[in-house]
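K.L.:
Here is the input, now give the coordinates:
(one chain, ligands or ions: 1)
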Amino acid sequence: MAPLTDYEKYIRTEELLALQKAPDALACHDELQFQVVHQVAELWMKLIAHELRLAVRLLDEDALTRALHALHRVRRVQVLLHDQLALLDTMAPKDYMTVRTVLGNGSGQESPGFKLLLRLPGELIFPALERLLARRGVTLRAIYEDHVGHAELFAVCEALTDLDQYLQQWRQRHLMLVFRIIGAGTPSLKGKASELLERGMRQRFFPALWEVRDEVFAEWTRTMLEKGQETGYHG
Ligand code: HEM
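P.N.:
Now for the predicted structure:
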């Protein structure tokens, strides 16, 4: 056997490419795609968590430009994670049933990468934002009342809102995939899949970043009404 090249050694292609079933062990042709998409998703989620930990460290060091760069990278990976779900749109319902029979009780809910992404915003990221705002003596409300005066902090808040929004968009896209492959009414292992997934879609990872928009609009409506001015359909 030819010795491994430096590329193969560094990327560890031997181990990596042995992580999928051999062609003759596949339950059906499409199982390879199913396995690869899930494995790649776990790698992207691992990278997102790695970058988010860096962003938290940089926020704590007041290195905001560098924190924003890390969050920008996270956003790009989130786009890949979202878009790659489209590959599975090409899987027929019958082929998914065949894969299901070899998947045991396995569920995406057990994904270690996704479970980590559900935890990090509340446990690590929002507390870092709160520490930053406390050091600067500014509130979220003040930032959104004057986003130009607080441009840098506003950019950080918006980058975190993006993170939240893209997590939600992934869930929406995944639900569309589930409708397409197993239908809207099919019960899954854990009850009715669509209801369970729709509940998840209502989760906000940084509730305060969404609530502040209500607060700013409520204040605007109040002052406009005081002045006897129209607020249009928001009033
Ligand atoms: C053939 C395509 C897919 C189908 C039919 C499917 C189906 C489902 C279903 C029915 C659930 C609800 C829980 C359960 O009953 O297990 C679920 C949850 C989940 N799946 Fe998928 N899935 C697919 C692809 C993927 C891919 C590619 C990923 C990437 C990691 C993924 C990750 C997840 C996650 C993270 C959850 C939990 C979601 C949440 O808590 O909001 N799924 N999936």
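
K.L.:
contacting residues for L124?
P.N.:
Listed by CB atoms under 8 Å, 6 or more residues apart in numbering, the contact set of L124 reads L52, R53, V56. The C-beta positions use only the backbone N, C-alpha and C, and glycine is treated the same way.

K.L.:
what packs against the helix or strand encompassing E198?
P.N.:
Using DSSP states H and E, E198 maps to helix 193-201. When contacts are defined as 3 or more CB pairs under 8 Å, 6 or more residues apart in numbering; DSSP states H and E, helix 193-201 sits against helix 151-182.

K.L.:
The helix it packs on and the ligand, are they touching?
P.N.:
Yes - contact of helix 151-182 with the ligand (CB under 6 Å from any ligand atom) involves R171, H174, L177, V178, I181, I182.

K.L.:
Just to check, the third one is in contact with L88?
P.N.:
In other words, L177. Yes - with contact defined as CB atoms under 8 Å, L177 counts as touching L88 (5.7 Å).

K.L.:
Up against the ligand, what does the protein have?
P.N.:
Contact residues, the chain versus the ligand (CB under 6 Å from any ligand atom): 37-38, 41, 85, 88, 91, 96, 107-109, 111, 114, 171, 174, 177-178, 181-182, 188-190, 193, 196-197, 200.

K.L.:
returning to that earlier point: check the residues of helix 151-182 next to the ligand against T223 and report the nearest one.
P.N.:
R171 (36.3 Å; CB to CB).

K.L.:
OK, contacts around the closest one?
P.N.:
Residues in contact with R171 (CB under 8 Å, 6+ apart) are L197, G200, M201.

K.L.:
Name the residue of this protein that lies nearest to the ligand.
P.N.:
Among the residues of the chain, G108 lies closest to the ligand, at 2.0 Å counting by CB to the nearest ligand atom.

K.L.:
all helices of this structure, in order?
P.N.:
Secondary structure of the chain (DSSP state H): helices at 6-11, 13-17, 31-60, 64-83, 85-88, 93-102, 112-120, 126-136, 140-145, 151-182, 193-201, 207-226.
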